[in-house]
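J.: Sequence unavailable; structure follows:
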């Protein structure tokens, strides 16, 4: 089954404790992206990657890191989480060829930073 | 300036009423795509429809219909005879050409629809 898988789905952590949210897709998509969703702000792009070893900042990259060592994986790293990073996070992927921009989303990861 | 404006942040309707969710977009590109996604209370994002900029035909899918008007840069979504299961947050999104042959997707802030039984 074609899917984007995120882990963990739910996480409560404390300020400053490094964490990684994993994202994996099995559709051989070149493009992957991370979004955060906050009330009243919709979905905002954090980082994106057009292919392996190619990443770039989205609209709200501060406090986050990403890496793209393999095509299928695109982890989101919070080196020193802060309470303002409490949010619902979505990973998404998209093919390049013939792309219309349609995104395939993971189920979301709800992160709470205390 | 917002590229995708969903002016209605929350709407409440009584079951069986019709409801229209508004979406206004802004772009300089001639080729672009518009989307609607549904986010039910369970949290996942469900793709509803994609429309390209060259196709202004309205679309109907069951109780759902979409009205795309380039003249007013709008892509509105109507639910006919609403049901409680329609209660969700609905996002409108715009996809524009970006470097490398990719598309950049921008989302509106979403409209929360509550259908009251």
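T.: Happy to help now that I have it. In this text the structure is predicted, and so the values were computed from the model without any measurement.
J.: got the contact list for the closest residue to residue A:3 other than its chain neighbours?
T.: Nearest residue to residue A:3 in three dimensions, chain neighbours excluded: residue A:26, at 6.3 Å (C-beta to C-beta, 6 or more residues apart in numbering or on different chains). Backbone N, C-alpha and C define where each C-beta goes, glycine included. Residues near residue A:26 by C-beta atoms under 8 Å, 6 or more residues apart in numbering or on different chains: A:2-3, A:5, A:72.
J.: Tally up the residues packed near residue 95, please.
T.: In the absence of a named chain, chain A is used. Each residue near residue A:95 was counted by other C-beta atoms under 10 Å in any protein chain shown, and the total is 15.
J.: Chain B is the one I meant
T.: Residue B:95: 26 surrounding residues under other C-beta under 10 Å.
J.: next one: the one 10 residues further on
T.: With neighbours defined by other C-beta under 10 Å, the count for residue B:105 comes to 24.
J.: So what touches the host helix or strand of it?
T.: Assigned by DSSP states H and E, residue B:105 belongs to strand B:103-107. Contacts to strand B:103-107, defined as C-beta under 8 Å, 6+ apart, come from residues A:35, A:42-45, A:94, A:99-101, A:103, B:3-4, B:33, B:35, B:37, B:91-98.
J.: for the record, mean pLDDT for that strand?
T.: Across strand B:103-107, pLDDT averages out at 85.
J.: What's the first helix or strand after it?
T.: Heading C-terminal from strand B:103-107 (DSSP H and E), you reach strand B:111-116.
J.: That next one pairs with which strands, parallel or anti?
T.: Within its sheet, strand B:111-116 is paired with strand B:10-14 (parallel), strand B:88-97 (antiparallel), according to DSSP bridges.
J.: picking up where we left off before, please convert the buried members of the contacts of strand B:103-107 into PyMOL selection syntax.
T.: Buried residues among these (16 or more other C-beta atoms under 10 Å in any protein chain shown), as a PyMOL selection:
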select buried, (chain A and resi 35+42+43+44+45+94+99+100+101+103) or (chain B and resi 4+33+35+37+91+92+93+94+95+96+97+98)
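J.: separation between the residue of chain B at minimum distance from chain A and residue B:81?
T.: Going by C-beta to the nearest C-beta, chain A is nearest to residue B:95 of chain B, at 2.7 Å. Residue B:95 sits 30 Å away from residue B:81 when distances are taken as C-beta to C-beta, to the nearest Å.
J.: wait, isn't residue B:108 in contact with residue B:7?
T.: No - here residue B:108 lies out of contact with residue B:7, judged by C-beta atoms under 8 Å, at a distance of 9.2 Å.
J.: Tell me which of these two has more neighbours.
T.: When residue B:108 and residue B:7 are compared for neighbours, residue B:108 comes out ahead with 25 against 12, by other C-beta under 10 Å.
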